[in-house]
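K.L.:
when you get a sec, could you give me coordinates for this:
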Amino acid sequence: MIKMLHPAWSYQAVLYEMNVRQLTPEGTLRAATSRLPFLRSLGIDAVWLMPVYPIGEEGRKGTLGSYYSIRDYCAVNPELGTMDDFDTFVSEAHRLGLKVLLDWVANHTARDARWITEQPASWYERDAEGRPAVPWDWTDTAKLNYANREVWEAQIEAMSFWVTQHAVDGFRCDMAMLVPIGFWNEASRRLRVLNPDLFMLAEAEEQNLFTEGAFDACYGWELFHLLEDVARQRVRITAVRDFLYADRERYPDTAMRLAFTSNHDENSWSGSEFSRLGEAREILAVFTFVTPRGLPLIYTGQEFGYDHSFSFFERDPMPVFADNVTTEFYRRLTALRHANPALAAGERGGGLLEIRNNAEDCLMILVREAGDNRVIAIMNLSPYAIHADYYTGIYAGMYTDAMSGEAFELRGRVEEDMAPWSYRILQR
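P.N.:
So this is what the prediction gives:
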C-alpha cells in the first residue's frame, strides 16, 4: 500500500460539478467563465468540468448527444466554444484560486471517433460481426481494448496533453472500474511526474483504487444510496452508522470519499434532490460536509436550490438566479469546512467518533477532532420528532453554532426536543 500525499488544497476542499451546457443561457465555456467569481465567493475550491470534447454523431442520443460519447480526446466541443475559450476558463479559475478537474472517459469513445478510422482495429473490442463492441447499453459508444498496450499509451498521451499544454489540475475518471487498475496506476504515476500536485478522482469505489496510489479519492456510492434510503425511510440511520464503521476498515486512512446528494447522473435520471430526498435534503447535505473521509460535492443548480431534472441530451439551461437562502446555506457549509481541520478528508481529518444517545435509530451525534479543533454534528436523521437525551462527557463546553454564528454551551447532560430532520453543528 502506497502512502498518498494529496495536494495541499484538496484536504478541506469543496468540489463543484459544472454542467457547462446547462449552467448559463448561452451554454458555453465563455459564459461559464463569468460564473467563476461567484463560485469562488461560494467557497468552491475546485471545478469539475463535465466532458468538453467533441461529441460523436453516429448513434447520437437526442439533439446534442452525450458528453460521454467522445470523438477526439484532444479538442473542444464547438457547442461549448474553442480551445482558446477553454484556456481562458482555466486561466481565470487559477487567477481566482480555483482548481480545474477535467472529466476523463477512458473506457470508450464515440462510434465515429478519430481512433476508429485512424488506428488499428485492435484498439477496440469487437463483436461477432467485427464491429466495435457496445459497452452496456451505451449504443452511442465503442469499447476500447485495454489488452492492447498502444491504447494505454494513447490515453496517457492524451491526458498529458491537457496537463502540460492546458494546465488542468486533475481528472475525474468516468466509470474507472471498467478499465484495468494497472492502467490507472501507470497513468497516475506518469502524470504526476508532469504535475506532482495532480488530483485524481475515481467514479468507482473498489478498494484497489488506492493500492498503488492511482487515486486520491473515489466515489461514495454506497453511502449516497444509504442516505437516500434514510430519506425515504427504507432504512434507519443505524444502517448508515454500520456502514461508516465498516467502511473505515476497507480503505487506507489517506483515502478520500466523494460525498454528495446529487450529480449529473442522479439529477437527470432519478430526479433532483427535492424529488428524491424531500424534507431530508438539507440535513443530508449537511451530512456530506461532516462525514468522515468526506470530500463534499455541489452539482450545478444545487447552489440556488433549483428544483429541476436537467435534460441530458438537449439544451435545458438553468434560469439566472440571485443569491438566496440556499446559496447562503451552502456558503455557511463551505465556511464550516474551511475553518475546521477536523473536517478534512484523508489522514488529516478527524476519524469516526460518536456521542451515544437514547434514540440511535434516529439521532446521530458525530464528533470530528484534529488537534485542538473539534466539530460536533447533532443530527435527527428521521421524519420523527424525538426527545433527545445524552451525556456529553469530555465534549461539554462552549462552542459556536456554525450555521447561526452564535455561542452555544453544550452541557454535561442534554435533554431536548428535536424536530424531524433537524440538526445543530457546533465548532471550536
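
K.L.:
hmm, Tyr124 and Val134 touching each other?
P.N.:
No: between Val134 and Tyr124 there is no contact under Cβ atoms under 8 Å: 10.6 Å. Backbone N, C-alpha and C define where each C-beta goes, glycine included.

K.L.:
overlap in contacts of those two?
P.N.:
Both Val134 and Tyr124 are in contact with 142-143, where contact means Cβ atoms under 8 Å, 6 or more residues apart in numbering.

K.L.:
these two: who's more crowded?
P.N.:
Taking other Cβ atoms under 10 Å, Val134 and Tyr124 do not tie; Tyr124 has more neighbours (23 against 17).

K.L.:
report the contact partners of the more buried one.
P.N.:
Here Tyr124 is in contact with 115-116, 132-133, 142-145 (criterion: Cβ under 8 Å, 6+ apart).

K.L.:
now with 6 Å?
P.N.:
Contact analysis of Tyr124 by Cβ atoms under 6 Å, 6 or more residues apart in numbering lists 132, 142, 145.

K.L.:
wait, which of the residues you listed is closest to Asn324?
P.N.:
For those, the closest approach to Asn324 (Cβ to Cβ) belongs to Ala142, at 43.5 Å.

K.L.:
other SSEs contacting whichever strand or helix holds the closest one?
P.N.:
Assigned by DSSP states H and E, Ala142 belongs to strand 141-143. Applying 3 or more Cβ pairs under 6 Å, 6 or more residues apart in numbering; DSSP states H and E, one finds that strand 141-143 contacts strand 108-110.

K.L.:
quick one: average confidence on the helix or strand following the strand it packs on?
P.N.:
Moving toward the C-terminus from strand 108-110, the next helix or strand (DSSP H and E) is helix 114-118. Averaging pLDDT along helix 114-118 gives 97.

K.L.:
what do you get for stretch 35-47?
P.N.:
98.

K.L.:
likewise stretch 291-309?
P.N.:
97.

K.L.:
endpoints of it, how far apart?
P.N.:
Stretch 291-309 has its terminal residues 26 Å apart, counting by Cα to Cα, to the nearest Å.

K.L.:
stretch 14-21 now?
P.N.:
End residues of stretch 14-21 are separated by 22 Å (Cα to Cα).

K.L.:
and for stretch 90-103?
P.N.:
14 Å.

K.L.:
what stretches of this structure score poorly on pLDDT?
P.N.:
Scanning the chain for pLDDT under 70 picks out 1-4.

K.L.:
packing partners of the longest helix along it?
P.N.:
Secondary structure of the chain per DSSP state H: the longest helix is helix 149-166. In terms of contacts (3+ Cβ pairs under 6 Å, 6+ apart), helix 149-166 is packed against helix 181-194.

K.L.:
centre of the chain to the helix it packs on, how far?
P.N.:
A distance of 21 Å separates the centroid of the chain from that of helix 181-194, by Cα atoms, centre = their mean, to the nearest Å.

K.L.:
so what strands line up beside the very next helix or strand once past it?
P.N.:
The C-terminal neighbour of helix 181-194 among helices and strands, as given by DSSP H and E, is strand 199-202. Strand 199-202 sits in its sheet next to strand 170-173 (parallel), strand 217-219 (parallel), going by DSSP bridges.

K.L.:
closest to Glu92 out of those?
P.N.:
strand 170-173 (17.6 Å).

K.L.:
what does that closest one contact?
P.N.:
48, 101-104, 198-202.

K.L.:
in which helix or strand would I find the residue nearest to Leu227 when sequence neighbours are not counted?
P.N.:
Residue nearest to Leu227 in three dimensions, not counting chain neighbours: Leu284, with 5.1 Å by Cβ to Cβ, 6 or more residues apart in numbering. Taking DSSP H and E as the definition, Leu284 sits inside helix 281-290.

K.L.:
packing partners of that helix?
P.N.:
For helix 281-290, the elements it packs on are strand 294-299, judged by 3+ Cβ pairs under 6 Å, 6+ apart.

K.L.:
could you dump the strand it packs on to PDB, C-alpha only?
P.N.:
Extracted in PDB, the C-alpha atoms of strand 294-299 (Å, rounded to 0.1, in the frame of the first residue of the first chain):
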ATOM      1  CA  GLY A 294     -15.900  13.000   3.000                       C
ATOM      2  CA  LEU A 295     -15.000  15.200   0.100                       C
ATOM      3  CA  PRO A 296     -18.200  17.200  -0.500                       C
ATOM      4  CA  LEU A 297     -19.700  17.900  -3.900                       C
ATOM      5  CA  ILE A 298     -22.200  20.500  -5.100                       C
ATOM      6  CA  TYR A 299     -23.800  19.900  -8.500                       C
END
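
K.L.:
which residues touch that strand?
P.N.:
Residues outside strand 294-299 that contact it (Cβ under 6 Å, 6+ apart) are 14-17, 217, 256, 258-260, 262-263, 288-289, 345.

K.L.:
list the buried residues in that strand.
P.N.:
Buried residues in strand 294-299, defined by neighbour count with 16 or more other Cβ atoms under 10 Å: 294-299.

K.L.:
do the same with stretch 82-102
P.N.:
85-86, 89-90, 92-93, 98-102.

K.L.:
then stretch 199-213?
P.N.:
Residues of stretch 199-213 classed as buried by neighbour count (16+ other Cβ under 10 Å): 199-205, 209-210, 212-213.

K.L.:
how long is that stretch from one end to the other?
P.N.:
End-to-end distance for stretch 199-213, by Cα to Cα: 11 Å.

K.L.:
now name the helix or strand holding the closest residue to Gly97 other than its chain neighbours.
P.N.:
Of all residues not flanking Gly97 in the chain, Arg40 sits nearest, at 6.6 Å (Cβ to Cβ, 6+ apart). Assigned by DSSP H and E, Arg40 belongs to helix 36-42.

K.L.:
so which residues make contact with that helix?
P.N.:
By Cβ under 6 Å, 6+ apart, the list of residues contacting helix 36-42 reads 16, 92-93, 96, 98, 303, 331.
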